[in-house]
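In: What follows is a protein structure lacking sequence information:
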């Protein structure tokens with residue numbers, strides 16, 4: 001779950017980013033790039049899935065004529081993270097928000113928290129989508145429903161934050177089984193994150 005301290009940190013940072021000019025808000029010109037960012041998210045996710053398959057499957061290795069020792073789990077993690085980053089960038093762009101500068105990944109993570117977690121804006125968007133998709137016979141109380149949506153929102157942003165941190169601290173000498181485990185988790189998180197953003201942008 002997103003902690004109050006992390007939300008306060010993001011709020012403070014976002015205010016400073018705006019002053020520093022590395023976070024633009026109310027910029028409708030960036031909205032035209034939403035599709036571009038989502039295309040990059042989808043491409044990065046496909047790249048991660050392909051690299052995982054090549055690293056994990058002997059038949060795929062044989063088909064592609066790569067060595068039996070070939071593995072690229074580090075790049076699965078990197079590509080999975082970038083798919084989430086581009087999806088997050090698309091979501092921000094859809095609201096006229098653009099992060100830039102040398103710390104763009106940190107700015108993006110803070111902006112997600114500030115604009116979509118604290119104000120429950122993402123939770124509201126997910127609620128609208130999920131309400132439209134509800135199975136007719138399902139009866140969930142409104143309060144419980146909102147709790148579920150808000151929990152899902154927090155999990156998505158926490159996953160994004162985790163992948164951002166993992167990318168910066170991942171050790172190159174990690175054993176192959178550990179790398180495979182990280183890669184599997186990263187790919188699963190990225191698939192869920194990109195799918196949820198895709199749903200929101202399709203509304």
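Out: Arrived safely, thanks for sending. Because the structure is a prediction, the values reported are computed rather than measured.
In: got the buried residues for stretch 54-62?
Out: Under the neighbour-count criterion of 16 or more other C-beta atoms under 10 Å, stretch 54-62 has 54, 55, 56, 61 buried. From N, CA and C alone the C-beta is placed, and that goes for glycine too.
In: whoops, stretch 20-30 was the one
Out: Neighbour-count burial for stretch 20-30, counted by 16+ other C-beta under 10 Å, picks out 22, 23, 24, 25, 30.
In: Tell me which residues are up against stretch 23-39.
Out: Here stretch 23-39 makes contact (C-beta atoms under 8 Å, 6 or more residues apart in numbering) with 14, 17-18, 86-87, 89-90, 93-94, 96-100, 107, 111, 197-198, 201.
In: Need the distance between the two termini of that stretch.
Out: Taking C-alpha to C-alpha, to the nearest Å, stretch 23-39 runs 22 Å from one end to the other.
In: go on, stretch 165-185?
Out: End residues of stretch 165-185 are separated by 14 Å (C-alpha to C-alpha).
In: and stretch 194-203, average pLDDT?
Out: Averaging pLDDT along stretch 194-203 yields 88.
In: For the helix or strand hosting residue 10, name the packing helices and strands.
Out: Using DSSP states H and E, residue 10 maps to helix 4-20. Helix 4-20 makes packing contacts with strand 23-24, helix 104-112 when contacts are defined by 3 or more C-beta pairs under 8 Å, 6 or more residues apart in numbering; DSSP states H and E.
In: Specify the angle between the longest one and helix 4-20 in degrees.
Out: Pointing back at helix 104-112 there. Relative orientation of helix 104-112 versus helix 4-20 (axes from the mean of the first three to the mean of the last three C-alpha atoms, to 10 degrees): 110 degrees.
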